[in-house]
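Participant: using only what follows, build the 3D model:
(one chain, ligands or ions: 1)
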Amino acid sequence: MPEWVALATEPAESAEPPYGKPLGVFGGTFDPVHFGHLRLAEEAADSLGLQRIRWIPAGQPRHREAENKAPQAGATHRLAMVRVAIAGNPRFQFDPAEADAARASYTVPTLERLRNSAGCGAHRPLVLLLGADAFAGLSGWHRWEVLLSLAHVAVAHRPGFPLDGANLPAELADLYRLRRCDTPAALADTPAGLIVSFAMTPLAISATEIRARLTGGLSARYLLPDAVIAYIRANHLYPAKTPPT
Ligand code: ATP
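Facilitator: Predicted structure coming up:
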């Protein structure tokens, strides 16, 4: 049985307040997963009172394809790296359902799927976790206008990406102004619709930098879990490019 099915055995959600502890939803390319991701999820659980965080690696993230930034490692490997990285953390759940490489990954249909699943349903508060860089691009996502009818959004501060209404596209800045909430406890009082931000230990780590280090023949140690590095080595991911002679 996949680990994420365990959610279905949790108490049924309530149609009346209190709705129950929120469930965090953390999607990403994770090419590869690193300590920035892991601290974001761990600190979100603490700061926002999330019962669990469901990690959902994307198969073919469509917004990346459009930007000509297709993932370097295949979906199967990115899934396996997330599985290795989160193993043993009882607050983390693994959801492989979006990682079918042949299908596009869109966040809104993912949230609709969760809303239709047992153990989540229409009322359990869902909190979509995003770094500040991802949030700044939200208004370019497929059906982004309905996102807040399905989930709250929690934005993690990220070095180099100040979260400032003035830097956001106009329509997103408007939404941020209208839906912004400075009380994380309020996330548990309603199923969806709020935007909160939260500070996390600033870690200027990116998957782009890790890929560049590995393909450049440099060490990526201490930027991501040793177990993920071992997986990368064993599967010859991000191979070092031999310099031209
Ligand atoms: P890449 O460098 O390939 O663009 P990434 O390191 O940003 O990748 P993603 O898988 O694209 O990793 O990120 C998944 C989510 O995690 C996004 O919402 C992103 O903003 C967030 N995130 C990634 N790294 C950090 C970090 N160091 N601090 C805060 N948020 C982060």
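
Participant: helix, strand or coil for the closest residue to residue 106 other than its chain neighbours?
Facilitator: Nearest residue to residue 106, sequence neighbours excluded (C-beta to C-beta, 6 or more residues apart in numbering): residue 142, at 4.5 Å. All C-beta spots, glycine's among them, are computed from the backbone N, C-alpha and C. Classification of residue 142 using DSSP: H, G, I helix; E, B strand; the rest coil returns coil.

Participant: gap between residue 142 and the ligand?
Facilitator: Residue 142 sits 16 Å away from the ligand, taking C-beta to the nearest ligand atom, to the nearest Å as the criterion.

Participant: interface residues of the protein facing the ligand?
Facilitator: Contacts of the chain with the ligand, taken as C-beta under 6 Å from any ligand atom, map to 28-31, 36-37, 40, 130-131, 133-134, 156, 158, 203, 205-208.

Participant: for the lengthiest helix in the chain, which residues meet the burial criterion?
Facilitator: The longest helix of the chain (DSSP state H) is helix 35-48. Of all the residues in helix 35-48, those buried under the rule 16 or more other C-beta atoms under 10 Å are 35, 36, 37, 38, 39, 40, 41, 42, 44, 45, 48.

Participant: chain center to that helix, what's the gap?
Facilitator: 10 Å (C-alpha atoms, centre = their mean, to the nearest Å).

Participant: so for it, mean pLDDT?
Facilitator: The predicted model assigns helix 35-48 a mean pLDDT of 98.

Participant: list the contacts of that helix.
Facilitator: The contact list for helix 35-48 (C-beta atoms under 8 Å, 6 or more residues apart in numbering) reads 22, 24, 26, 28, 30, 50, 52-53, 55, 85-86, 89, 91-92, 127, 129, 131, 154, 156, 158, 184, 187, 196, 198-201, 203, 205-206, 223-225.

Participant: stretch 54-62 now?
Facilitator: Under the contact criterion C-beta under 8 Å, 6+ apart, stretch 54-62 has outside partners 4, 7, 23-30, 41, 70-71, 75, 78-79, 82, 86, 92-106, 110, 114, 142.

Participant: can I get the CA coordinates of it in CSV?
Facilitator: Output in CSV follows, covering the C-alpha atoms of stretch 54-62 (Å, rounded to 0.1, in the frame of the first residue of the first chain):
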residue,chain,number,x,y,z
ARG,A,54,2.3,15.6,1.6
TRP,A,55,5.3,15.7,-0.8
ILE,A,56,4.1,15.6,-4.4
PRO,A,57,7.0,15.4,-7.0
ALA,A,58,5.9,16.7,-10.4
GLY,A,59,6.1,14.5,-13.5
GLN,A,60,6.4,17.1,-16.3
PRO,A,61,6.0,20.5,-14.7
ARG,A,62,4.3,22.4,-17.6
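
Participant: not counting sequence-adjacent ones, nearest residue to residue 105?
Facilitator: Closest residue to residue 105 apart from its sequence neighbours, by C-beta to C-beta, 6+ apart: residue 58 at 3.7 Å.

Participant: what is the least confident helix or strand in the chain?
Facilitator: helix 62-66 (a mean of 55; mean pLDDT, DSSP states H and E).

Participant: following it, which helix or strand comes up?
Facilitator: helix 75-86 (DSSP states H and E).

Participant: for the helix or strand following that following helix, name the packing helices and strands.
Facilitator: Counting by DSSP H and E, the element after helix 75-86 in chain order, helix or strand, is strand 92-94. Judged by 3 or more C-beta pairs under 8 Å, 6 or more residues apart in numbering; DSSP states H and E, the packing partners of strand 92-94 are strand 52-57, helix 75-86.
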